[in-house]
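**Q** take a look and give me a structure for this.
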Amino acid sequence: MSVRIARAGDTTLEQRSGRLAARRRRRLERRRARREADLAAVVPMRLYGLRRGTVTLLTGCAVLFALFILAPLVWIVVNATKTQANVYGTFGFWFARPFVLFHNLGLLMKSLSGSGVYLQWMGNTVLYAVLGGAGATVLCSLAGYGFARFRFRGSKAMFYLILSALLVPITAVALPLYLVYAKVGLINSIWGMVLPSMVSPVGVYLMRTFTEVSVPRELIDAARMDGASELGAFLRIAVPLMVPGVVTVLLLSIVAVWNNYFLPLIIFTHNSSYPLTVGLALLAQGASSGTKGGLVPVLIAGGLVTIIPVIVLFVFLQRYFRGDLLRGSTTG
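**A** Have a look, this model is predicted:
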């Protein structure tokens, strides 16, 4: 009897190991197929007509640009693990003992101008970014599709008028914006932050360009002939083809709201309504003036925690940027 149980156990172990090996093989095959597909999508440099020296020069410029972009991020990661004495007394791009990252994070969550204020600022930032980014994406998608697929009197002039808003700095409209908000009661209001964030001339331009390239007119005309309404054709035909562009505008809008400093500085006067940009900037002023000594590494840790959600969001959404412009349409 015991021999049978032992054999049954051995058979079960062999089956499990076989299934695990089969899963590993399938996983490796998927990775190999994905790698081969990525290599097949790469255009050889010789087809661009570039010489080897030119390619080397461009690669060197790209590396320098990457170092320029990544250097502040590396500095934040390294110095968030230090004490204040080590922040000023050691090399800024290497670690030093003691390693106090978790201690700084604990102080960040508890001791910044009262218990839990950083978490409140983080919640405010997430709320403003989600509402503003989603609203901007919807409006830009509708406006870009309308400008790309409909021709009406003054459409070009209206489109150029929208783009001309990029030439006006926010500082030029700060005082009129504040006076208008004071008249309509939007000072210290969530909507005072969200409504301007839903206006994105860059998003309208991107969605118009993307729609012209990725949404063939033949598909829209066929949907109309089949009896679909304009809204139905937009939702069922255009939107699935516009997913990479929609995700791009969504990401850019969320990042713009997340990093916005000047607008919340104008419209918010209460500490509880601040986003992370304004809150950390005010605390940094206090730390530099000496009124809040010892908070420099804590503020650096706060900056690190602030940029992590944006990086995670980009990592999860970046696969849409490589989507085929005409995926699922008439090509192929």
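**Q** contact partners for the residue nearest the centre of the chain?
**A** Centroid-nearest residue in the chain, with CA atoms, centre = their mean: Leu251, separated by 4.0 Å. Under the criterion of CB atoms under 8 Å, 6 or more residues apart in numbering, the neighbours of Leu251 are Leu313, Phe314, Leu317. Where you see a C-beta, it was placed from the backbone N, CA and C, and this is true even at glycine.
**Q** in three-state terms, label it for me.
**A** Following DSSP: H, G, I helix; E, B strand; the rest coil, we place Leu251 in the helix state.
**Q** which one of the contacts of Leu251 is nearest to Lys110?
**A** Leu313 (26.5 Å; CB to CB).
**Q** count of neighbours near the closest one?
**A** For Leu313, the neighbour count with other CB atoms under 10 Å is 17.
**Q** same question for Ser164.
**A** By other CB under 10 Å, 10 other residues sit near Ser164.
**Q** C-alpha coordinates for stretch 219-230, PDB please?
**A** Taking C-alpha atoms only, stretch 219-230 is exported to PDB below (Å, rounded to 0.1, in the frame of the first residue of the first chain):
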ATOM      1  CA  LEU A 219     -14.800  53.500 -42.800                       C
ATOM      2  CA  ILE A 220     -16.800  56.500 -41.500                       C
ATOM      3  CA  ASP A 221     -18.700  56.700 -44.900                       C
ATOM      4  CA  ALA A 222     -19.500  53.000 -44.700                       C
ATOM      5  CA  ALA A 223     -20.800  53.300 -41.200                       C
ATOM      6  CA  ARG A 224     -23.000  56.200 -42.300                       C
ATOM      7  CA  MET A 225     -24.400  54.200 -45.200                       C
ATOM      8  CA  ASP A 226     -25.200  51.400 -42.800                       C
ATOM      9  CA  GLY A 227     -27.300  53.800 -40.800                       C
ATOM     10  CA  ALA A 228     -25.000  54.700 -38.000                       C
ATOM     11  CA  SER A 229     -25.300  58.100 -36.400                       C
ATOM     12  CA  GLU A 230     -22.300  60.500 -36.200                       C
END
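**Q** if we go by neighbour counts, what in it is buried?
**A** Within stretch 219-230, the residues that count as buried by 16 or more other CB atoms under 10 Å are Leu219, Ile220, Ala223, Ala228.
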